[in-house]
Each structure stands twice: as structure tokens, then as C-alpha cells.
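[1] output the structure for:
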Amino acid sequence: MNFKRIFLRNKNNKIYYYIKAILRELVPDSLFQAQLTKRLDSTYYRKNATYIDDRVNYYNKLERLEPLDQDAMEIGKYRVPERIRVYYFDSKEYLRFFNPKLRFSILPGDIIHIPSHPTLLKSRPIHGNNSNAIVLNLDKARHFNFLQDDVSFDKKIDMLVGRSGFGQIHRSRFYQLYYDHPLCNI
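    Modelled structure (predicted):
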């Protein structure tokens, strides 16, 4: 039985997400910092080092040290904000492994510009030199939804499927152009 599909309509459970995040907050950061070297020296990391390095280089395109914005905050002073708490919980999950004196910048939301200084984002513009836009899996409860799928990939039909509102002009135009296209089910 697929609990997530039946009871949550394939959505992530926000209550579970917040309980897990708050419980993680109760563990002292020093315990995570002590694990960092151990994790990097692990057999798993050594066996998969090339793959992991390729992934890291994709998400973090910085090739040398770059100055941070003057408003960059220390990890140790990072606190739960009044709004957009998911960005805090998702970034803190990784930041807590590092020295609390290190500084970082983060921009919540859908960013359509390339930051002038190295900044953590959930997505980055694909044009231009976007190396200052460092991608981190932020807003996981909304954007990282893994479904139990009983159909293997090679059995799937090569088709775009969409179930969205068309309130924005570009979405409405896309719908008008492709609503009856044989490779689209929108």
C-alpha cells in the first residue's frame, strides 16, 4: 500500500518535515562538526569521490575564493527567521557541519538574477557567469517529492504531463500552443 499516494495525494507531509527539522535543531552543532572529517574520510566517499566531486562542482561553480557580501552572516549566529523557515531548516541541515565562525549568504525564493557575491540559492539563472549562484536543495518539502512509482522508466511514454493553473501569460500561451500536441497531456 502506498501511504503517501493514498493519504497525502503524493504531497510531502509538512508536519513530519517540521518535526524532523526541530528535532535536528535540538542536537548540538558540535556533534555534526565532529562528524565532518569522518564522513569525508569514509569508504563510501572514497569509492564515489569522482561522482561526488562532479556533483559538488555542478552545484558550486566557484573556482577560487571569492569575497562574500558585507551582510554575510556567521553560521553560529544564524537563527530561525520569522518568515520562510524552510530555507533556514534546509540550509542549516548542511551548514551545521562547518565552523560556526564561517560566514555565508542566502537568498530565498525564485531568484532570476545572478548574485554579485557567492550566495546559496534553490535555483540559479542558466545564462551568463552564474558561479556566484551556489545551488542547495532548499524548500525540500515543496520541491523534492519522491514518489513510489511502479512503472519502470523504460515503460513510460515519452510525453509532457502537466496539471497547473494558467494564470500567468507565458503559461497560458504555452497551453494554447501545445494543448493538443501528441507529446503533451496538459
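[2] so for stretch 162-175, mean pLDDT?
    Stretch 162-175 carries an average pLDDT of 82.
[3] pLDDT weak spots in this protein?
    1-12, 143-147 (pLDDT under 70).
[4] how close does the residue sitting nearest the centre point of the chain get to Leu65?
    Within the chain, one residue has its C-alpha closest to the average C-alpha position: by C-alpha atoms, centre = their mean, that is Asn137, at 1.2 Å. From Asn137 across to Leu65, the span is 24 Å (C-beta to C-beta, to the nearest Å). (C-beta placed from N, C-alpha, C; glycine too.)
[5] cool, Val56 as well?
    16 Å.
[6] settle it for me: which of these two has more neighbours?
    Neighbour count, other C-beta atoms under 10 Å: between Val56 and Leu65, Val56 has more, with 10 against 7.
[7] helix, strand or coil for the more buried one?
    Three-state assignment for Val56 (DSSP: H, G, I helix; E, B strand; the rest coil): helix.
[8] ditto for Ile111
    coil.
[9] which non-adjacent residue is nearest it?
    Leu121 (5.0 Å; C-beta to C-beta, 6 or more residues apart in numbering).
[10] correct me, but that neighbour touches Leu136?
    Yes. Between Leu121 and Leu136 there is a contact at 7.3 Å, judged by C-beta atoms under 8 Å.
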